[in-house]
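Trainee: Sequence isn't available, so here's the structure alone:
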Ligand code: ADP
Ligand code: MG
C-alpha cells in the first residue's frame, strides 16, 4: 500500500496563492474561522419537526483540527451542512471567515462556500463519468479564481499520477477518497469539512486518508471531521460530542461557550 507522497512535497502548492492568513507568530489566539451561536435546524417529516440541531453554539479557530462524534442521527451531518453553507439554519447566527452568513444571498453563499470550504464525504461523491483529473478540476468551473495548484499536479502529489485518466469505478476506495480530497483542495480552501471520510475504507486506506488530513492541518488548514472511530478522532486536537442535536461535551482545553463578539 503506497503511502501518500503528497503531503510533504506539496507545501507551497496547496496553500500558496490563497487568501489564507499566515499562522500567527505572536501568542495571540487565532481568530475564529467558524462561529455558531444558538443554531437550530429542523427537518419536517409531514407536519412533524425533526429537531436536528438545538441551540448549538461553538467556535472553531483558524488552524484547529476538531473531530465530531455522536450516535447516528445526533445531528453531525446537519452541523457539517450548516458549517459548509450547504444548508441554512432556522435560527441562530453563523459567521464563517468573518462573514455573517445570515444576510447572504444564495449566490453570495455559493461564492463564500467555494472560496472557503472543501468537502470530503464518506461516499466520495465523485462524478462517475468523469476521470480523476476531471473530478479534481470540477470546482474550478464554479470559481473565478486561478488555482494555486493545477489539478494534474494536485493529483500527482496525492499519488494519483497514473490514475488521472481513470474513472472512479476503476479506482480503489482509498484512491477515490484521495481524488475527493484533491478536489476539495483545488480552490485552496481554509476549511476542510470531512464527514466520516474513512467510513467506507479498509483500515490501511483509512489510515492514509487520516495521515493526509493531519498533514493538511499541519500546513495550516482548519479541519472538522465527523468520525465514529475513536482512533481517528484521536488525531484531532479536540472532540465535540453530539447527542440529540446538542453538544454534550467539548474536550478542547479551555473551550467554553462561544464568547460574545
Ligand atoms: P448524523 O449525521 O449524526 O447521523 P443527521 O444530521 O444526518 O445525523 O440527522 C439528524 C436528524 O435529522 C436525524 O433524526 C435525521 O433523521 C434527521 N434528518 C437529517 N436529514 C434529514 C432530511 N433531509 N429530512 C428529514 N430528516 C432529516
Ligand atoms: Mg451523518
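Mentor: Everything's here; your move. Predicted, not measured: the structure shown is a model, and the values here were computed from it. Ligands and ions are numbered 1, 2, ... in the order given.

Trainee: Counting neighbours, what do you get for residue 134?
Mentor: 18 (other C-beta atoms under 10 Å). C-beta coordinates here come from the backbone N, C-alpha and C atoms, glycine included.

Trainee: any idea how far ligand 2 is from it?
Mentor: Applying C-beta to the ion, to the nearest Å, the value for residue 134 to ligand 2 is 27 Å.

Trainee: in the sheet, who's paired with the nearest residue to residue 236 once chain neighbours are set aside?
Mentor: Leaving aside its chain neighbours, residue 236 sits nearest to residue 67 (3.7 Å; criterion: C-beta to C-beta, 6 or more residues apart in numbering). Taking DSSP bridges as the rule, residue 67 bridges to residue 225, residue 239.

Trainee: Mind pulling up the pLDDT for residue 201?
Mentor: Residue 201 is assigned a pLDDT of 95 by the prediction.

Trainee: What is the helix or strand encompassing residue 140 packed up against?
Mentor: Following DSSP states H and E, one finds residue 140 within helix 132-142. Helix 132-142 sits against helix 106-116, helix 151-157, helix 173-185, with contacts defined as 3 or more C-beta pairs under 8 Å, 6 or more residues apart in numbering; DSSP states H and E.

Trainee: and the ones you listed, which is most packed in?
Mentor: helix 173-185 (a mean of 25; mean count of other C-beta atoms under 10 Å).

Trainee: orientation of that one relative to helix 132-142 in degrees?
Mentor: 20 degrees (axes from the mean of the first three to the mean of the last three C-alpha atoms, to 10 degrees).

Trainee: and helix 173-185, average pLDDT?
Mentor: Rounded mean pLDDT across helix 173-185 is 94.

Trainee: name the helices or strands packed onto the next helix or strand after it?
Mentor: Later in the chain than helix 173-185, the nearest helix or strand by DSSP H and E is strand 191-195. Using 3+ C-beta pairs under 8 Å, 6+ apart, the elements in contact with strand 191-195 are helix 76-83, strand 117-121, helix 173-185, helix 203-218, strand 222-226.

Trainee: No further questions, thank you.
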